[in-house]
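> here's my sequence, what's the structure:
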Amino acid sequence: MSVMCTFGYKECVEKSRKLYDDWLADPNKRIPGNFKQIVMSAVIRFGDESDWNKMFSLATSTQDSSDRVAFMRALAASRDFNLLEL
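Purely as a prediction, here's the structure:
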């Protein structure tokens with residue numbers, strides 16, 4: 001799944017987007033742990049600035065250090081280098 005999402009395989013990106021959006025709408029709908037990093041990275045890699053800003057907000061507000069690391073790793077997947085200049 002990782003390779004497919006990295007290269008923009010449509011079904012993988014769409015599934016990642018759905019899992020992420022479902023989780024944002026209802027945090028009880030957890031993204032499976034073994035796919036969490038892949039999903040978040042795909043959302044950022046193929047998303048837009050609002051996706052990046054939302055995830056950055058989540059990263060800076062979470063108290064869970066492992067979630068913070070996962071968010072920051074996903075944010076680094078952005079193809080828009082202007083977003084990476086904080």
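
> ok, longest helix in this protein?
Ranked by number of residues, the top helix in the chain under DSSP state H is helix 10-25.

> same for it, what does it pack against?
helix 2-6, helix 36-46 (3 or more CB pairs under 8 Å, 6 or more residues apart in numbering; DSSP states H and E). C-beta: built from backbone N, CA, C; applies to glycine.

> rerun at 10 Å
Of the remaining helices and strands, those touching helix 10-25 by 3 or more CB pairs under 10 Å, 6 or more residues apart in numbering; DSSP states H and E are helix 2-6, helix 36-46, helix 49-61.

> outside of the first one, which residues touch it?
The reference is to helix 2-6. For helix 2-6, the external contacting residues (CB atoms under 10 Å, 6 or more residues apart in numbering) are 9-13, 15-16, 35, 37-39, 41-43, 45-46, 77.

> and those residues, which are buried?
Neighbour counting by 16 or more other CB atoms under 10 Å classes 12-13, 15-16, 35, 37-39, 41-43, 45-46, 77 among the contacts of helix 2-6 as buried.

> state the pair within those residues that is farthest apart.
Lys15 and Ala77 (16.4 Å; CB to CB).

> how close does Leu83 sit to Glu14?
In this view, Leu83 and Glu14 are 22 Å apart by CB to CB, to the nearest Å.

> got a pLDDT number for the residue nearest to Val43 when sequence neighbours are not counted?
Spatial nearest neighbour of Val43, excluding adjacent residues (CB to CB, 6 or more residues apart in numbering): Tyr20 at 4.7 Å. For Tyr20, the pLDDT comes out at 96.

> the bottom helix or strand of the protein by mean pLDDT?
Counting by mean pLDDT, DSSP states H and E, the weakest-scoring helix or strand in the chain turns out to be helix 2-6, with a mean of 84.

> in that one, what's buried?
Neighbour count says helix 2-6 has Met4, Cys5 buried, by 16+ other CB under 10 Å.

> and for stretch 13-31?
The neighbour-count check on stretch 13-31 (16+ other CB under 10 Å) flags Val13, Lys15, Ser16, Arg17, Leu19, Tyr20, Trp23, Ile31 as buried.

> I'm done for today, thanks for sticking with me.
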